[in-house]
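[1] Sequence first, then the predicted structure:
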Amino acid sequence: MKKKRLLIVDDDSRNIFALVNTLKARSYDCLSCLSAEEALRILAEDATIDAVLIDMMMPEMDGYEAIPLIKEIPLQENVFIIAVTAQAMNGDKEKCLEAGADAYISKPVDVDKLLQLLSEI
């Protein structure tokens, strides 16, 4: 079975560190970046990414702006996008799904729930 390749996008390096270590320990291949702009550049050049975990609240370009742009990238038409948010307020999940995310998870990330979502890809 092919190792799943993930791109983790978050402006907080501590969140990236925690997610990368957790997912690598479970045999996922992880890339990461600190901005949506950088994620768009990576995704435009790398067709091997199976899923994107994107923080919804980042400076400059947030996940709500980035997700529709990711969906427009020809190499990423089938990439699975998981919206990650710290706010977890009423309506957040629906707003993330309306922006084009395939799934939603709140911080602090429940690892079992995340692994369940990743098993869908």
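    Yep, that arrived.
[2] And the residue nearest to I121 when sequence neighbours are not counted, how far from G63?
    What sits nearest to I121 in space, not counting adjacent residues and going by C-beta to C-beta, 6 or more residues apart in numbering, is F80, at 4.4 Å. (Each C-beta comes from the backbone N, C-alpha and C, glycine too.) In this view, F80 and G63 are 14 Å apart by C-beta to C-beta, to the nearest Å.
[3] With K107 instead?
    K107 sits 13 Å away from G63, taking C-beta to C-beta as the criterion.
[4] go on, S35?
    Distance, S35 to G63, by C-beta to C-beta: 11 Å.
[5] Looking at these two now, which is surrounded by more residues?
    Taking neighbours as other C-beta atoms under 10 Å, S35 and G63 compare with G63 leading, 26 against 17.
[6] excluding its backbone neighbours, what's nearest that one?
    Leaving out its chain neighbours, the residue that sits closest to G63 by C-beta to C-beta, 6+ apart is M56, at 3.7 Å.
[7] Surely the one you found touches D62?
    Yes. With contacts counted by C-beta atoms under 8 Å, M56 reaches D62, the gap being 6.0 Å.
[8] Tell me which of these two has more neighbours.
    Set M56 next to D62 and count neighbours by other C-beta under 10 Å: M56 wins out with 26 against 17.
[9] need the contact list for the more buried one.
    D62, G63, Y64, A83, V84, T85, Q87, D92, C96 (C-beta atoms under 8 Å, 6 or more residues apart in numbering).
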